[in-house]
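Asks: Just the structure for this:
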Amino acid sequence: MKSCGRQWNACRIHNNQGLAEKAAKHLFGMEKLRDAAAYVSMSNIYAAAGEWKSVSHVKKAMHEHGIKKVPAYSWVEVNHKIHVFSVNDKTHPRGDEIMRNINELTTEIEREGYKSDTSWIAQDIDEQFRIESLKFHSERIAVAFALISTP
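Replies: Model (predicted):
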């Protein structure tokens with residue numbers, strides 16, 4: 001299944017929705033397929049194309065087959081302690097400092113010309129909300145925490 005994940009990603013990167021759909025038809029027909037990766041990848045490909053009905057169809061198929069996407073986490077080790085973060089995580093004791101650091105860094109990189117790539121977000125939401133959801137991604141939270149916690 002790992003190699004399959006790379007192929008899904010290749011379809012997304014090369015914008016080859018047709019090949020992804022062909023692979024999806026075979027994968028989704030497999031009785032023992034219980035890995036959410038193929039479903040999530042296909043959903044992301046449809047989202048990038050703005051095909052929200054197809055995204056909904058894939059998510060419905062996941063639900064019907066009892067397949068759930070495992071939430072992603074990012075972690076960082078500081079002073080021999082592992083700190084784990086999820087998207088929009090505000091539960092860390094230094095959460096206010098972390099969020100402040102992310103806001104400052106975002107302002108700085110946007111001033112330098114950075115633009116968020118929101119095309120791959122698999123939700124039919126407005127652009128500003130997409131940008132905000134990327135801003136507080138678990139990886140950014142982990143990096144911000146590392147920056148405020150290390151010399």
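Asks: Which helix or strand in this protein has the lowest average pLDDT?
Replies: helix 2-13 (a mean of 54; mean pLDDT, DSSP states H and E).
Asks: my guess is Pro93 is in a strand, correct?
Replies: No. Secondary structure of Pro93 (DSSP: H, G, I helix; E, B strand; the rest coil): coil, not part of a strand.
Asks: chain center to the host helix or strand of Lys25, what's the gap?
Replies: Using DSSP states H and E, Lys25 sits within helix 17-28. The chain centroid and the centroid of helix 17-28 are separated by 21 Å, computed with Cα atoms, centre = their mean, to the nearest Å.
Asks: what do you get for stretch 39-56?
Replies: That offset, for stretch 39-56, works out to 13 Å (Cα atoms, centre = their mean).
Asks: Please parse this structure into its domains.
Replies: Domains of the chain are assigned by the TED database as 17-65, 73-148.
Asks: ends of the last one, how far apart?
Replies: Start and end residues of domain 73-148 are separated by 19 Å (Cα to Cα, to the nearest Å).
Asks: now swap in stretch 77-97 and tell me
Replies: Counting by Cα to Cα, the terminal residues of stretch 77-97 are separated by 17 Å.
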